[in-house]
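K.L.:
Show me the folded form of this:
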Amino acid sequence: MKLLRYGSAGRERPGLLDSDGTIRDLSGMVGDFAGESLSPAALAGLAALQVESLDFWRRDGAPLAELPHVVCKLSGLLTEADDANGEFDESHVHEFSNAAVELFGPERLMFGSDWPVCTLVASYARTAQVLENWSKKLSTADCACIWGNNAARVYAARR
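P.N.:
Below you'll find the model as predicted:
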């Protein structure tokens, strides 16, 4: 695995080149490769990612992402984010959310709790906290889109 920046000049995003030669977007995890994101602990976290496990999300979501009127709700992820022992794994939610932001962009994503189903593995507060932990890596504008602006636009709600 090699870390890299990719994209057009002035709009580069952090990524990694996996063992298959595929560039994986890391912009949902790190703003840039500088400072704390290059610490030994942060690099160990990146090395532990199972990015290949996201292929089916990207493959199955790509046709929907090509439709400009389709918006993706980040919902139901906690009950599907099990590790090998069947336990809830927050890092899997982060990986799935990264795939969603790669495909749809923050302007076509919105938070959804999946309540009460989420309570099978976590409280509503914990469900929101998991996605909030992930979204801390995004810009303020991107977070505003995901946490409310997109829902208001899609559902034509007044704020």
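K.L.:
domains of the protein?
P.N.:
Split into domains by automatic domain parsing, the chain comes to 1-49, 52-159.
K.L.:
just the helices in this protein please.
P.N.:
40-47, 55-65, 90-104, 124-135, 140-144, 150-154 (DSSP state H).
K.L.:
quick one: average pLDDT of the second one?
P.N.:
If I follow you right, that is helix 55-65. Helix 55-65 comes out with an average pLDDT of 75.
K.L.:
Equivalent analysis for the fourth one, please.
P.N.:
Helix 124-135 shows a mean pLDDT of 92 in the predicted model.
K.L.:
Touching it from outside, list them.
P.N.:
Identification of contacts with helix 124-135 by CB atoms under 8 Å, 6 or more residues apart in numbering yields 28, 74, 77-78, 90, 93-94, 97-98, 111, 113-115, 118, 122, 142-143, 146-147. Where C-beta positions appear, they are placed from N, C-alpha and C, glycine not excepted.
K.L.:
related to what we said a few turns ago, the domains of the chain into CSV, with extra columns for mean neighbour count?
P.N.:
As requested, the domains of the chain are arranged in CSV below (neighbours: other CB atoms under 10 Å):
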stretch, mean neighbour count
domain 1-49, 14
domain 52-159, 16
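K.L.:
By mean pLDDT, show me the worst of the ones you listed.
P.N.:
Of all the domains of the chain, domain 1-49 has the smallest average pLDDT, which comes to a mean of 78.
K.L.:
Let me know the distance separating the residue lying closest to Asp25 once chain neighbours are set aside from Ala65.
P.N.:
Nearest residue to Asp25, sequence neighbours excluded (CB to CB, 6 or more residues apart in numbering): Glu102, at 4.5 Å. According to CB to CB, to the nearest Å, Glu102 stands 9 Å off from Ala65.
K.L.:
again, but for Asp20
P.N.:
Relative to Ala65, and taking CB to CB, Asp20 is found at 21 Å.
K.L.:
what's the answer for Leu3, then?
P.N.:
For Leu3, the distance to Ala65 - CB to CB - is 25 Å.
K.L.:
again with Trp57
P.N.:
11 Å.
K.L.:
With Ala34 as the reference, name the closest of the helices of the chain.
P.N.:
helix 40-47 (10.8 Å; CB to CB).
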